[in-house]
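Chemist: Would you be able to build a 3D model of this:
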Amino acid sequence: MPITETCSPYLKLDETPVTPIIYLDNSATSFPKPEQVYTFMDTFYRHYGVNPGRSGFDLCLEAGNLVDETRKLLCRFFGGKDSNRLVFGSNSTDTLNLSIFGLIKPGDHVVTTHVEHNASLRPLWKLSQAGVEVDWVDFDAKGWVDPQEVIRRIKKNTTTIVMNHGSNVIGTVQDVAAVGKVCRQRGIRLIVDVSQTAGMIPVDIEQLGADVLCFTGHKSLMGPMGIGGMYVREGVEITQTRAGGTGVKSLQRQHVEEYPWRMEYGTGNLLGVSGLNAGVKWVEKIGLDAIHRHEMALWTKLRDGLRAIPGVTLYCADDVPGRVRLSVLSFNVDGLEAADTGTMLDVDHNIACRTGLHCAPMVHEHLGTDKLHGTVRLSIGAFNTEAHIDAAIAGVRDIAAMQSKKKK
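Modeler: Coordinates of the predicted model:
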């Protein structure tokens, strides 16, 4: 199904329209959201915005039904078998912390990669200071991690492998399935960060061979900020590092051990769950293939356009047959700080992008862009158009030309 729904790219304050922007920062958060997400969140929360699972009156039951329905929706979406193993959290950083600290202990050996986001990198670094041995596998010149190198790093005391499925800086999608197959054979746990891939390409826990999938709702799943979660495969028991209210077994002093309450604490984000429910349904209605083809067609146009501009350096933007990638492109203009390029795109061309290190410092250390204070990142979403890409190319061309004149 083609993407035909439109959302206004205007930001409004007190219903007064301001200058429209060309939004190319969808890796940070998708914007705008499908109209049905805004509508459903508003309608549901107005009519059923009470605490689910805490009482037996009708409004409470309706709120609880939505939470249960969304668990089942996401369980199917990720190829899970038991919707109770679908745990809600505030974002993927939240559930990566729960799973990493709940599965790894001092004396363990862990293998991970240089394409990790700080959501995984920082918990693993903290554990490395407390007696956990961590091996980091680099990526090649085109941006891919060799799965065989990850497998070669496995040792007798390797208990866990942590992998980022898709890079938020260079857009490469790693061959997690090849690693997952070996993990299943050897009884090694595999934690996968699908923050960038969920909602853009198929993500199936069995196909990937993962034990834990950690996702966020506000990117390509088209939900709001503040909602995410994880799917925990049957037989994987994450040690609890928190405790609190669940609405069930309240007389019990210890935290509930059954899923999903085992990993959920306190009052959940009902508004976020409602938006995620509507967002995933929109993704399913349009279709992952249609979304990805649309975004990658625009990405190719953007890549080719920027590549033709003198003084512009692209990073890991080559096509590799048989490899999947995301609609993320990082670049720099020679002689300019990334932040300065981003400011000019914003102020002079109304183009919103992301600059800096993108919470993925090891990627930039590999590329050498850490010395340049990062890159300019343009990330394409479902509601971007060819006109947006034309404007971005023209804006970068103007900035590069102006910089070239200054050098002369």
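Chemist: thought Leu124 was touching Ser99?
Modeler: No: the criterion here is CB atoms under 8 Å, and Leu124 misses it with Ser99 at 11.6 Å. C-beta here means a position set from N, CA and C on the backbone, and glycine is covered the same way.
Chemist: which residues sit in contact with Ala141?
Modeler: Shown in contact with Ala141 (CB atoms under 8 Å, 6 or more residues apart in numbering): Cys316.
Chemist: Show me the helices in the stretch 51-200 of the chain, by range?
Modeler: For the stretch 51-200 of the chain, applying DSSP state H, counting those that start in this stretch gives helices covering 58-77, 92-103, 118-128, 147-152, 176-186.
Chemist: Return the most buried member of the ones you listed.
Modeler: helix 92-103 (a mean of 24; mean count of other CB atoms under 10 Å).
Chemist: circling back: identify whichever of the helices of the stretch 51-200 of the chain lies nearest to Phe31.
Modeler: helix 92-103 (17.9 Å; CB to CB).
Chemist: Buried residues in stretch 391-403, which are they?
Modeler: 391-393, 395-397, 399-400, 403 (16 or more other CB atoms under 10 Å).
Chemist: Quick one: those residues as CSV, columns for distance to Lys281, secondary structure and pLDDT too.
Modeler: Shown next, in CSV, are these (distance: CB to CB, whole Å; DSSP: H, G, I helix; E, B strand; the rest coil; pLDDT from 0 to 100):
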residue, distance to Lys281, secondary structure, pLDDT
Ala391, 31, helix, 97
Ala392, 30, helix, 98
Ile393, 34, helix, 98
Gly395, 35, helix, 98
Val396, 36, helix, 98
Arg397, 40, helix, 98
Ile399, 40, helix, 97
Ala400, 42, helix, 96
Gln403, 45, helix, 91
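Chemist: Let's have these in TSV, adding distance to Leu329.
Modeler: Putting those into TSV (distance: CB to CB, whole Å) gives the following:
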residue	distance to Leu329
Ala391	15
Ala392	9
Ile393	11
Gly395	14
Val396	11
Arg397	15
Ile399	15
Ala400	15
Gln403	19
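Chemist: now, which of those sits nearest Gly268?
Modeler: Nearest member of those to Gly268, counting by CB to CB, is Ala392, at 38.3 Å.
Chemist: which regions of this structure lie under the pLDDT threshold?
Modeler: Scanning the chain for pLDDT under 70 picks out the ranges 1-19, 54, 246-247, 249-250, 408.
Chemist: okay, which residue is most central for it?
Modeler: Ser195 (2.0 Å; CA atoms, centre = their mean).
Chemist: I'd guessed that one sits against Lys219; true?
Modeler: Yes: counting by CB under 8 Å, Ser195 touches Lys219, with 6.2 Å between them.
Chemist: Give the intersection of the neighbour lists for those two.
Modeler: By CB under 8 Å, 6+ apart, no residue touches both Ser195 and Lys219.
Chemist: just the strands in the stretch 201-350 of the chain please.
Modeler: 212-216, 228-232, 312-315, 328-333 (DSSP state E, counting those that start in this stretch).
Chemist: Could you say which one of the ones you listed comes nearest to Asn384?
Modeler: strand 328-333 (12.1 Å).
Chemist: Pull the residues that contact that closest one.
Modeler: 27, 167-171, 196, 299, 302-303, 306, 311-317, 338, 341, 369, 372, 375-380, 396, 399-400, 403.
Chemist: Next: stretch 271-279.
Modeler: Contacts of stretch 271-279 (CB under 8 Å, 6+ apart): 33-34, 36-37, 39-41, 44-45, 49, 66-67, 69-70, 73-74, 88, 199, 217, 221-227.
Chemist: Can you tell me which of those are buried?
Modeler: Buried members of the contacts of stretch 271-279, counted by 16+ other CB under 10 Å: 33-34, 36-37, 40-41, 44, 66-67, 70, 73-74, 88, 199, 217, 221-224, 226-227.
Chemist: re earlier: weed out the non-buried ones from the contacts of strand 328-333.
Modeler: Buried among those by 16+ other CB under 10 Å: 27, 167-171, 196, 299, 302-303, 306, 311-317, 338, 341, 369, 375-380, 396, 399-400, 403.
Chemist: wait, Leu98 sits on Ile238?
Modeler: Yes: using CB under 8 Å, Leu98 makes contact with Ile238 at a distance of 6.5 Å.
Chemist: so what's Val328 closest to, chain neighbours aside?
Modeler: Leaving aside its chain neighbours, Val328 sits nearest to Gly171 (3.5 Å; criterion: CB to CB, 6 or more residues apart in numbering).
Chemist: quick one, what contacts Ala177?
Modeler: Ala177 touches 207-209, counting by CB under 8 Å, 6+ apart.
Chemist: Convert the C-alpha atoms of stretch 99-118 to CSV, please.
Modeler: Extracted as CSV, the C-alpha positions of stretch 99-118 are listed here (Å, rounded to 0.1, in the frame of the first residue of the first chain):
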residue,chain,number,x,y,z
SER,A,99,18.0,-6.7,30.8
ILE,A,100,21.7,-5.9,30.9
PHE,A,101,21.9,-5.4,34.7
GLY,A,102,19.5,-8.3,35.2
LEU,A,103,21.3,-10.9,33.1
ILE,A,104,25.0,-10.1,33.5
LYS,A,105,27.1,-10.5,36.6
PRO,A,106,30.7,-10.1,37.6
GLY,A,107,32.9,-12.8,36.1
ASP,A,108,30.8,-13.0,33.0
HIS,A,109,32.3,-12.3,29.5
VAL,A,110,30.2,-10.2,27.1
VAL,A,111,30.6,-9.6,23.4
THR,A,112,29.2,-6.4,21.9
THR,A,113,30.0,-4.0,19.0
HIS,A,114,31.3,-0.5,18.1
VAL,A,115,27.9,0.4,16.6
GLU,A,116,26.2,0.4,20.0
HIS,A,117,24.2,3.4,21.2
ASN,A,118,25.0,4.7,24.7
